[in-house]
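Undergrad: Following is a predicted model, sequence given first.
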Amino acid sequence: MNQPDQPHADAQEQPADDATSAGDIIMGATIPQDALAAKLEALLFVHSKPVTARRLADLVELPSVIPVKQALEFLARRHEQSGSAFTLQNLAAGYMLSTRPEHDDMLKKLVREREAQKLSPATLEALAIIAYKQPIGRQEIENIRGAGADHLVRALLDRGLVKVGERDTSKGNAALYVTTAEFLRAFGLKALSELPTQADLSTGPGPAGEAEVDQSDASEPDADDDADDADDADAEESDGEE
């Protein structure tokens, strides 16, 4: 009598393929796909690097990557069909949520502005000296600041806010620094002529203004003070009559 074919030994030892595990699919089906996609989108939004499907499954507490991959496919389609600014990339290192290339120029502008705001007070001081005195050498910057500026100039060069505009051959070919177009973009300027003048930077009332206020106060005594003086005079007359 012919015996039914027995499964091959290797097939029995081979673990079930994750992509064909019906139990895992059922487990993932307990979470609605749109809800799972929202969870995954939130996780990818806060990650700056690609995240594997396995790691995402662990974070949403699912034993299988199958429903995670299905939800990611759903998420990618939704971003594509809705014209979202974001796109879901499936990279070798995992999945990553990124902005579409057509928005790169606008986002770079924002990044530049943020970088400019991160400059230390000392670096901003050196940048202001270069902006107003350019072209200017490092030694002159240090003379104005009264302190070293080598590391500050390097930081500005690294950020692309200044560059070597020319060389001073009379001082050993020393570099003379000028601001760049990146500087103008970072600070929202069309030209160097839009830099604030010394008059623009002056704030608060001057000594003359303060003197005028003092004179005004002296020449116009408070009405309450007049009343107090009158009361004192009446009191003195009353004492004299007694």
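TA: Arrived safely, thanks for sending. Residues are numbered from 1 along each chain as shown.
Undergrad: Quick one: the helices in this protein, in order.
TA: Using DSSP state H, the helices of the chain run over 9-13, 22-29, 33-46, 53-59, 66-82, 104-117, 121-133, 138-145, 150-158, 181-186, 198-201, 207-219, 223-241.
Undergrad: ok, the closest residue in space to Glu41 that isn't next to it in sequence - contacts?
TA: Of all residues not flanking Glu41 in the chain, Leu75 sits nearest, at 5.8 Å (C-beta to C-beta, 6 or more residues apart in numbering). C-beta coordinates here come from the backbone N, C-alpha and C atoms, glycine included. When contacts are counted by C-beta atoms under 8 Å, 6 or more residues apart in numbering, Leu75 touches 37, 40-41, 88.
Undergrad: Among these, name the buried ones.
TA: 37, 40-41, 88 (16 or more other C-beta atoms under 10 Å).
Undergrad: Distance to Ala128 added to those, as CSV?
TA: Output for the buried ones among the contacts of Leu75, formatted as CSV (distance: C-beta to C-beta, whole Å):
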residue, distance to Ala128
Ala37, 49
Leu40, 47
Glu41, 43
Leu88, 44
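Undergrad: and of those, the nearest to Val60?
TA: Leu40 (6.9 Å; C-beta to C-beta).
Undergrad: what sits against that closest one?
TA: Applying C-beta under 8 Å, 6+ apart, we find Leu40 in contact with 56, 60, 68, 71-72, 75, 95.
Undergrad: That one and Met106: what is the separation?
TA: 26 Å (C-beta to C-beta, to the nearest Å).
Undergrad: just Lys69 next, same as before
TA: Taking C-beta to C-beta as the measure, Lys69 falls 32 Å from Met106.
Undergrad: any idea which of the contacts of Leu40 is the one closest to Leu157?
TA: Nearest to Leu157, judged by C-beta to C-beta, of these is Tyr95 at 37.1 Å.
Undergrad: between Lys69 and Met106, which one's more packed in?
TA: Comparing Lys69 with Met106 by other C-beta atoms under 10 Å, the one with more neighbours is Lys69, at 19 against 10.
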